[in-house]
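K.L.:
Pasted the sequence and its predicted model underneath.
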Amino acid sequence: MNINLIYPSIPSPLDRHIPGTTITSCSLLNALAGQIKLQLLQSAKDTPSTSIRIITAPIENLIRRITRQSHSEAPSANLNIILQLGASTQDDQWHAASGFTVTSQPTNPRSDQLSDLLICQALKLLGRSAISNQSAGISQRVHSTARLLDISSSPAVLTTCLYIDNRQNAGLLRQSSGINTLAAVHTEALKEYLKLSQ
């Protein structure tokens, strides 16, 4: 199985800065995907047949790539993890929206299973205060990254890994320890998912 860690790269309207810094969501997602891959590779002895790929491109290229994947490969060959950071607006101000949210693929029980595991790990490693309310996941479908869920024939989830324009979330995202914790949320959930899928 291929675990695909997917995020939109620049040029993208989704790339934003932490207010008052030069740190962009794209650079943070790059660090997060790299850390998830590293942590999964360190536990590869448990899942030797798993390949981990980081896939990044402008959103329209990602849509074409996932569409091709869905037509040319068996659904069981891939597990798509779509990574994004939340942001309320592009006004370089702090906002109140915050938290870690998982949006699962419609009508795919395996996606729901991974979504539940991700939320359990987020509660354990980030704490209840770091989890967005349930309605936040529904609103994400308007974002173009959520289109990748709809076109994927393989199990897929979209994780919003905190908000870049929330002061408390941004403080966590600026720290390597925060990125490592977010990576561990994904890694531990994926390890459990792969065990259940065997």
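P.N.:
Good, I have the coordinates.
K.L.:
where do the strands sit along this protein?
P.N.:
Counting by DSSP state E, residue ranges of the strands within the chain are 2-8, 51-57, 78-86, 100-104, 156-163.
K.L.:
can you list those in a markdown table and add mean pLDDT?
P.N.:
As requested, the strands of the chain are arranged in a markdown table below (pLDDT from 0 to 100):
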| stretch | mean pLDDT |
| --- | --- |
| strand 2-8 | 95 |
| strand 51-57 | 95 |
| strand 78-86 | 95 |
| strand 100-104 | 92 |
| strand 156-163 | 94 |
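K.L.:
Switch these over to JSON lines; also include distance to residue 63.
P.N.:
C-beta here means a position set from N, CA and C on the backbone, and glycine is covered the same way. Supplementary listing: those in JSON lines, determined by distance: least, Cβ to Cβ, whole Å:
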{"stretch": "strand 2-8", "distance to residue 63": "10"}
{"stretch": "strand 51-57", "distance to residue 63": "9"}
{"stretch": "strand 78-86", "distance to residue 63": "11"}
{"stretch": "strand 100-104", "distance to residue 63": "16"}
{"stretch": "strand 156-163", "distance to residue 63": "13"}
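K.L.:
what is residue 51 paired to in the beta sheet?
P.N.:
Under DSSP bridges, the beta-bridge partners of residue 51 are residue 2.
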